[in-house]
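Student: Based on what follows, work out the 3D shape:
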Amino acid sequence: MKMGLLVFIRNVLLALCLFLVLGFLYYSAWKLHLLRWEDSKYDKLGFLLKLDSKLPSELASKYANISEGVCKPGYASAIMTAIFPKFSKPAPMFLDDSFKKWARIRDFVPPFGIKGQDNLIKAILSATKDYRLTPALDSLSCRRCVIVGNGGILANKSLGMKIDDYDIVIRLNSAPVKGFEKDVGGKTTMRITYPEGAIQKPEQYEKDSLFVLAGFKWQDFKWLKYIVYKEKVSASDGFWKSVATHVPREPHEIRILNPYFIQEAAFSFIGLPFNNGVMGRGNIPTLGSVAITMVLHNCDEVAVAGFGYDMNSPNAPLHYYENIKMSAIKESWTHNIQREKEFLRKLVKARVITDLTSGI
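Tutor: Next up, the predicted model:
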């Protein structure tokens with residue numbers, strides 16, 4: 001009798017164990033399927049695959065009562081996070097005197113970091129002393145920013161007044177303003193450039209704007225030190241073309257762009273080859289994409305103008321300020337224009353940024 005009871009209990013326990021094992025396997029398979037389904041919602045970089053121009057419901061309700069034309073606090077970063085959950089907003093525009101503490105850039109050489117540049121950067125910052133925007137712009141509770149590209153698509157669009165209406169107007173390299181105000185505006189908050197791209201004639205600089213260096217190589221930081229301390233620029237310092245020897249700016253009007261934006265644009269947003277974290281073929285983002293990355297972290301609303309190259313129109317102007325045609329574009333050794341287009345189109349489609357000239 002006792003033996004039969006023990007056999008019965010043993011069989012019940014075995015059946016229970018089998019049931020638990022099967023249940024665990026079923027649950028695990030379901031979870032794995034769910035995770036795979038979740039992963040399939042995103043591309044290999046982490047962007048949402050199905051992008052929609054309609055705002056997510058929670059954001060639509062959040063901004064529903066804000067009138068048209070009124071700045072929407074946190075708008076660009078909120079949508080960016082919705083389509084790219086890995087996005088983390090905190091990242092200062094410019095390097096300050098705590099730059100050595102920032103782990104994200106400490107271990108990378110230029111252009112993706114500051115490794116090996118400590119002494120030069122320290123010398124520059126000790127002279128410039130200012131590491132932020134102007135007090136008036138820093139005090140704004142909501143900032144609307146526009147990046148003005150150099151594309152020929154800006155010509156004859158009469159967007160000047162609209163561009164000047166933004167709180168922060170960012171221009172790139174040596175693209176002129178004087179004589180083109182009707183199309184590109186007359187306001188400049190900052191001009192981001194590097195030695196070979198900087199305006200070479202001092203009289204062509206606009207008044208009251210910040211001069212911002214994007215350091216792509218170690219020579220760029222050395223050049224900026226010459227400029228800040230008004231020393232003689234050496235032409236034999238490894239530049240690939242002639243560079244500006246004088247910038248009509250006082251030290252407090254000069255900044256160093258946080259190289260994290262070059263790193264993030266290249267590897268996180270565009271998906272360019274990592275190449276062990278050093279400059280190589282096709283892994284440098286254009287200054288336009290770098291500037292967009294910067295403002296996503298530091299502006300509430302973001303617009304661009306003069307972006308995009310229409311290769312199907314070889315006779316269209318390449319830049320708004322000269323007669324060179326689109327057909328003059330050659331394959332770039334450093335940039336991957338097609339990958340950048342894909343990145344920018346994601347931002348436009350999801351309404352993270354507004355494309356004023358519809359060139360992207």
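Student: ok, the closest residue to residue 335 other than its chain neighbours to residue 75 distance?
Tutor: Excluding the flanking residues, the one nearest residue 335 by C-beta to C-beta, 6 or more residues apart in numbering is residue 286, at 5.4 Å. Yep, even glycine has a C-beta here, placed from its N, CA and C like the rest. Per C-beta to C-beta, to the nearest Å, residue 286 is found 24 Å from residue 75.
Student: for residue 355, same thing?
Tutor: 16 Å.
Student: Which one's more surrounded, those two?
Tutor: A count of neighbours by other C-beta atoms under 10 Å puts residue 75 above the other of residue 355 and residue 75, at 22 against 18.
Student: Contact partners for the closest residue to residue 324 other than its chain neighbours?
Tutor: Distances taken as C-beta to C-beta, 6+ apart place residue 318 nearest to residue 324, at 4.7 Å, with adjacent residues excluded. Residue 318 is in contact with 151-152, 309, 324-326, 328-329, counting by C-beta atoms under 8 Å, 6 or more residues apart in numbering.
Student: nearest to residue 246, of those residues?
Tutor: The closest of these to residue 246 turns out to be residue 324 (C-beta to C-beta; 26.6 Å).
Student: Among the contacts of residue 318, name the buried ones.
Tutor: The neighbour count (16 or more other C-beta atoms under 10 Å) marks 151-152, 309, 326 as buried among the contacts of residue 318.
Student: before we move on, the earlier item: out of the contacts of residue 318, who's nearest residue 180?
Tutor: residue 152 (11.7 Å).
Student: distance of that closest one from residue 181?
Tutor: As for residue 152, its distance to residue 181 is 17 Å (criterion: C-beta to C-beta).
Student: go on, residue 43?
Tutor: Residue 43 is 40 Å from residue 181, by C-beta to C-beta.
Student: With residue 78 instead?
Tutor: With C-beta to C-beta as the criterion, residue 78 and residue 181 are 33 Å apart.
Student: which of the two has more neighbours?
Tutor: Remark: of residue 78 and residue 181, residue 78 carries more neighbours, 20 against 14, as counted by other C-beta under 10 Å.
Student: My guess is that one contacts residue 59. True?
Tutor: Yes - if you go by C-beta atoms under 8 Å, residue 78 and residue 59 touch, sitting 5.7 Å apart.
Student: Output the below-cut-off pLDDT ranges for the chain.
Tutor: Scanning the chain for pLDDT under 70 picks out 1-39, 235-236, 331.
Student: so who does residue 109 touch?
Tutor: Contact analysis of residue 109 by C-beta under 8 Å, 6+ apart lists 115-116, 218, 277-278.
Student: Next secondary structure after the helix or strand containing residue 303?
Tutor: Here residue 303, judged by DSSP states H and E, is contained in strand 301-305. Next in sequence after strand 301-305, counting helices and strands by DSSP H and E, comes helix 337-349.
Student: Show the subsequent helix or strand relative to that following helix.
Tutor: Next along the chain after helix 337-349, taking DSSP H and E as the criterion, comes strand 354-355.
Student: And that following strand, what does it pack against?
Tutor: Counting contacts by 3 or more C-beta pairs under 8 Å, 6 or more residues apart in numbering; DSSP states H and E, strand 354-355 packs against strand 301-305.
Student: Any idea how far the strand it packs on is from the middle of the chain?
Tutor: Per C-alpha atoms, centre = their mean, to the nearest Å, the displacement of strand 301-305 from the mean C-alpha position of its chain is 12 Å.
Student: who's in contact with that strand?
Tutor: Residues contacting strand 301-305 (C-beta under 8 Å, 6+ apart): 71-72, 75-76, 142-149, 154, 157, 159, 163, 166, 184, 288, 292, 295-296, 352-357, 360.
Student: and it with helix 337-349, angle?
Tutor: Here the directions of strand 301-305 and helix 337-349 differ by 130 degrees (axes from the mean of the first three to the mean of the last three C-alpha atoms, to 10 degrees).
Student: I appreciate the help and will end here.
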